[in-house]
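Visitor: structure, please.
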Amino acid sequence: MSGMTDVFWGRWISLLYRYGLIFVAKELEPYNIGKGQFMFLLALYKRDGMLQEEVATLFNIDKGTTARAISKLEKAGYVIRKPNVQDLRSNHVFLTQQGMDFKPRLYAILQRWTDILSTGMTAEETEKALDLLTKMSRNATMHIHKERQ
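Guide: Purely as a prediction, here's the structure:
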């Protein structure tokens, strides 16, 4: 593709991202979880006990922002930090029972957003959209990592 259509890709991706955060923030508000915190829970659902620095690296977020987000989740009762016995300057982050119990609810919220986005799409269109978004994400990741080397 070339021409003017190339200019609009970022606009639509940005719009989906912003509206997605608005939706998620509204849905998570009753649970005392901010829009910038749910992704940390998602990471811990995949690998509980990650080092706080690993979480920061995973999302390409600075350590201070990560520490604040995890601190908010800790105060809300979803996670607990425990010192890394091999390096006392770092912490492992573990889900609490409350955090584990919240998993199905968080996944249901995210599924509702996916359902909203895919309204009117066939199964084939939904699969193709996911495939294309995955490829675009890989391309972006490879480009940014190459630029940093």
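
Visitor: give me the neighbour count for the closest residue to residue 59 other than its chain neighbours.
Guide: Spatially, and ignoring its direct neighbours in sequence, residue 59 is nearest to residue 39 (6.2 Å; CB to CB, 6 or more residues apart in numbering). C-betas here are computed from N, CA, C, even on glycine. Counted by other CB atoms under 10 Å, the residues lying close to residue 39 total 15.

Visitor: over to residue 106?
Guide: Neighbourhood size, residue 106 [other CB under 10 Å]: 20.

Visitor: quick one: the helices in the chain?
Guide: For the chain, the helices defined by DSSP state H cover 5-28, 38-46, 52-59, 63-75, 97-117, 123-148.

Visitor: which stretch among these approaches residue 90 most closely?
Guide: Closest of the helices of the chain to residue 90 is helix 52-59, at 5.9 Å (criterion: CB to CB).

Visitor: quick one: that closest one to helix 38-46, angle?
Guide: Between helix 52-59 and helix 38-46, the angle comes out at 110 degrees (axes from the mean of the first three to the mean of the last three CA atoms, to 10 degrees).

Visitor: run the chain-centre distance for helix 52-59.
Guide: Here helix 52-59 shows a centroid-to-chain-centroid distance of 12 Å under the convention CA atoms, centre = their mean, to the nearest Å.

Visitor: let's have the chain start at 836 instead
Guide: Got it, first residue is 836 now, which makes that one helix 887-894.

Visitor: pLDDT of that helix, averaged?
Guide: Helix 887-894 shows a mean pLDDT of 91 in the predicted model.

Visitor: any stretches of the protein with poor pLDDT?
Guide: The chain contains residues with pLDDT under 70 at 836-842.

Visitor: among the helices of the chain, which is nearest residue 923?
Guide: helix 887-894 (12.7 Å).

Visitor: what's that closest one packed up against?
Guide: Helix 887-894 is packed against helix 873-881, helix 898-910, strand 922-930, with contacts defined by 3 or more CB pairs under 8 Å, 6 or more residues apart in numbering; DSSP states H and E.

Visitor: and the residue nearest the centre of the chain, how far is that from residue 918?
Guide: Centroid-nearest residue in the chain, with CA atoms, centre = their mean: residue 874, separated by 3.1 Å. For residue 874, the distance to residue 918 equals 24 Å [CB to CB, to the nearest Å].

Visitor: also residue 900?
Guide: Using CB to CB, residue 900 is found at 21 Å from residue 918.
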